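Student: Dropping the sequence and predicted coords here.
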Amino acid sequence: MADAIRVLAMDGVEKAKSGHPGMPMGMADVATVLYSKFLKFDASRPDWADRDRFILSAGHGSMLIYSLLHLTGYKDATREQLENFRQWGARTAGHPEYGHMTGIETTTGPLGQGIANSVGFALAERHLAARFGSDLVDHRTWVIAGDGCLMEGVSQEAIALAGRLKLNKLCVMWDDNEITIDGKVSLSDSTDQLARFKASGWAVKAIDGHDHGAIKKALAWATKQSKPTLIACKTKIGKGAATMEGSHKTHGAALGATEIAATRQALRWAFEPFDLPEGIQKAWAKVGKQGAKTRKGWEARLLNHAQRDDFTRAMAGDLPTGAFEALEAKLKSLVVDQPALATRQSSGEALETVFNAIPELIGGSADLTGSNNTFVKNTQILDAPDYAGRYVNWGVREHGMASAMNGMALHGGVIPYAGTFMVFSDYSRPAIRLAALMGVRVVHVLTHDSIGLGEDGPTHQPVEHLAALRAIPNLMVFRPADTVEALECWQVALQHKKTPSGMCLSRQKTPAVRLTDAGENLSRKGAYELKAANGAAKVTLFGTGTEVALALKAAETLEAEGVPTRVVSVPCFELFEQQPKAYQDAVIGRGTVRVAVEAAIKQGWERFIGEDGGFVGMTGFGASAPAEVLYREFGITAEAVVEAAKARL
């Protein structure tokens with residue numbers, strides 16, 4: 001059965017003339033024991049909520065999971081898909097892609113992401129078990145990781161948190177083959193991984209990764225531990241290859257026709273590429289069906305469970321009925337009260353209004369809770385041993401936090417959000433990008449969004465970050481102008497099941513700009529006319545966040561001087577680009593002089609103001625001084641906006 005994986009892996013890579021056969025061949029024994037003896041799944045029901053999750057963190061070895069899915073009978077893992085590995089239109093992408101093929105729990109390939117995702121999977125399982133009971137939620141997360149995964153720094157952030165939270169249903173099987181692309185691991189690393197994991201609060205064990213008995217004992221041992229577990233599986237990369245077994249040359253290239261022919265002979269595998277002997281096919285098909293009885297028993301329990309409807313809704317990602325009743329009532333009061341708040345405070349108010357109405361929301365912060373307003377008062381901390389809480393203390397671990405949030409969202413049943421300073425979104429960026437690529441609902445609260453944070457200086461003042469985040473496809477980047485917009489942006493973010501969001505929020509206070517009840521969520525359109533011109537408009541001013549107030553002040557000056565001026569608030573570029581062209585043209589005001597103001601670099605604003613439009617913002621890094629001084633010294637003022645408009649009239 002393990003040799004079937006080896007042969008399919010080398011055949012798929014050979015046909016594509018591209019790929020990584022070494023890891024699937026080396027870990028075939030471990031994967032075979034895992035799937036046949038321990039993994040709780042039913043190939044006929046890939047979406048079974050209480051299935052075990054298998055994560056191939058070493059995603060370059062994608063032919064391992066494709067072979068397993070094919071062998072166990074997943075409907076879309078056909079022979080044709082294996083034969084078209086890495087080809088246009090095939091589900092068998094170069095690295096496992098979430099959503100391309102059932103049975104793939106997350107997109108992996110960027111090393112370290114899978115193991116970090118797995119912490120989120122395991123955390124979501126423990127939380128949902130506390131909420132719904134172990135009769136509905138009782139499964140494990142199994143991970144195959146390689147040396148590259150463990151070298152990437154995000155892995156340490158992830159394993160430290162998993163150890164601290166005692167996520168004992170998480171097991172990492174490390175492909176300890178001592179090989180990377182360049183050669184021996186010792187070329188670049190001498191870490192004692194067992195000691196490292198043990199120091200992080202894990203139970204550890206080392207085994208021969210080709211000894212089926214030892215593998216079985218180790219996996220059984222893992223299921224009995226009170227801590228997360230690491231099993232170091234000593235393997236040979238390219239196991240079974242006739243002359244290349246153990247060579248780094250098997251890592252990232254096809255073995256070649258001559259080596260494959262010799263390997264077939266050595267394995268006594270007298271079958272054509274992608275052909276399988278009937279007995280092995282039947283044995284693997286049985287593995288794919290063996291979880292059906294357990295799955296049917298679970299479905300029977302669900303059918304009669306008191307929380308059935310809530311569980312089913314939560315796992316489907318649907319929001320409760322009336323989720324935004326309190327928020328919509330709050331919006332009506334805000335246009336009367338007109339509070340002048342920092343938008344980080346406004347975001348906190350948004351969370352206060354929806355948190356109890358949406359029990360799936362799980363908050364958190366990268367050790368900045370008091371600064372980013374992500375904690376809703378009286379919320380229990382999510383922690384061992386009961387995991388019922390709804391707030392995670394992530395520690396100073398932005399990358400691990402963002403990756404684990406992806407895992408939580410992918411697991412289902414929870415909607416994660418967490419905060420840090422916007423400048424540190426650079427640390428989260430690889431995981432934010434993958435969230436956008438996969439299309440999962442996570443919300444990143446990114447406070448201290450400009451030079452307006454003041455005295456902490458240029459190391460903490462984001463300048464290019466809005467442009468950098470807006471460059472990521474399928475990521476909604478919100479920068480609300482006041483409390484009304486903040487509530488509206490949160491509503492939109494939570495309603496989008498397949499899009500991650502970034503909430504870019506100010507440290508400094510800003511006046512209310514939405515002073516009347518619009519009767520609809522205007523932020524949903526991405527941009528809208530906030531103030532009409534007095535007469536036929538000659539100037540259109542655009543702004544986001546705290547700079548919308550500057551645009552309104554500039555418009556007041558221009559109007560007083562007889563220049564009809566309109567103001568457009570732009571809380572989300574991405575949503576605006578989804579609007580009909582006629583609406584976009586009307587909002588942009590193409591026949592007018594156009595000027596934008598934003599305390600960030602200009603990049604990306606051309607779509608609104610054109611190449612010749614005016615822009616008032618940053619052209620370099622910030623400085624250390626009070627916020628009002630910085631705005632004056634860097635020329636981000638209403639007066640500068642007026643002058644930019646006049647210069648173009």
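Tutor: Structure's in. What do you need?

Student: would you put the C-alpha positions of stretch 327-336 in CSV?
Tutor: What follows is the C-alpha trace of stretch 327-336 in CSV, where atoms were taken according to Å, rounded to 0.1, in the frame of the first residue of the first chain:
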residue,chain,number,x,y,z
LEU,A,327,-25.5,47.5,15.3
GLU,A,328,-28.2,49.0,13.1
ALA,A,329,-29.9,50.6,16.1
LYS,A,330,-26.5,52.0,17.2
LEU,A,331,-26.0,53.6,13.7
LYS,A,332,-29.3,55.5,14.1
SER,A,333,-28.1,56.9,17.5
LEU,A,334,-24.6,57.8,16.2
VAL,A,335,-25.8,60.4,13.7
VAL,A,336,-27.5,62.2,16.6
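
Student: who touches it?
Tutor: With contact meaning C-beta atoms under 8 Å, 6 or more residues apart in numbering, stretch 327-336 is reached by 349-350, 353-354, 483-484, 487-488, 490-491, 512, 514-517. C-beta here means a position set from N, CA and C on the backbone, and glycine is covered the same way.

Student: and stretch 82-90, average pLDDT?
Tutor: Across stretch 82-90, the average pLDDT comes to 98.

Student: Just the buried positions in that stretch, please.
Tutor: Residues of stretch 82-90 classed as buried: Leu82, Glu83, Asn84, Phe85, Arg86, Ala90 (neighbour count, 16 or more other C-beta atoms under 10 Å).

Student: before we move on, what about stretch 345-357?
Tutor: Neighbour count says stretch 345-357 has Gln345, Ser346, Ser347, Gly348, Glu349, Ala350, Leu351, Thr353, Val354, Phe355, Ala357 buried, by 16+ other C-beta under 10 Å.

Student: these two touch, right, the last one and Thr321?
Tutor: Meaning Ala357. No: because the distance of 9.5 Å does not satisfy C-beta atoms under 8 Å, Ala357 is recorded as not touching Thr321.

Student: by contact count, what packs against the longest helix anywhere in the chain?
Tutor: Assignment by DSSP state H gives helix 113-132 as the longest helix of the chain. Taking 3 or more C-beta pairs under 8 Å, 6 or more residues apart in numbering; DSSP states H and E as contact, the helices and strands that helix 113-132 lies on are strand 53-56, strand 141-145, helix 147-151, helix 154-164, strand 170-176, helix 308-316, helix 398-411, helix 425-438.

Student: who wins for proximity to Ala644 among those?
Tutor: In terms of C-beta to C-beta, the element of these nearest to Ala644 is helix 425-438, at 28.6 Å.

Student: What angle do helix 398-411 and the closest one make with each other?
Tutor: An angle of 20 degrees separates the directions of helix 425-438 and helix 398-411 when computed by axes from the mean of the first three to the mean of the last three C-alpha atoms, to 10 degrees.

Student: Put the alpha carbons of helix 425-438 into CSV.
Tutor: Taking Å, rounded to 0.1, in the frame of the first residue of the first chain, the C-alpha atoms of helix 425-438 are listed here in CSV:
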residue,chain,number,x,y,z
SER,A,425,0.9,43.7,9.3
ASP,A,426,4.3,43.1,7.5
TYR,A,427,4.8,40.3,10.0
SER,A,428,1.3,38.9,9.2
ARG,A,429,1.4,39.5,5.5
PRO,A,430,2.3,36.0,4.3
ALA,A,431,-0.7,34.6,6.2
ILE,A,432,-3.0,37.5,5.1
ARG,A,433,-2.1,36.7,1.5
LEU,A,434,-2.9,33.1,1.9
ALA,A,435,-6.3,34.0,3.6
ALA,A,436,-7.1,36.0,0.5
LEU,A,437,-5.9,33.3,-1.9
MET,A,438,-8.0,30.7,-0.1
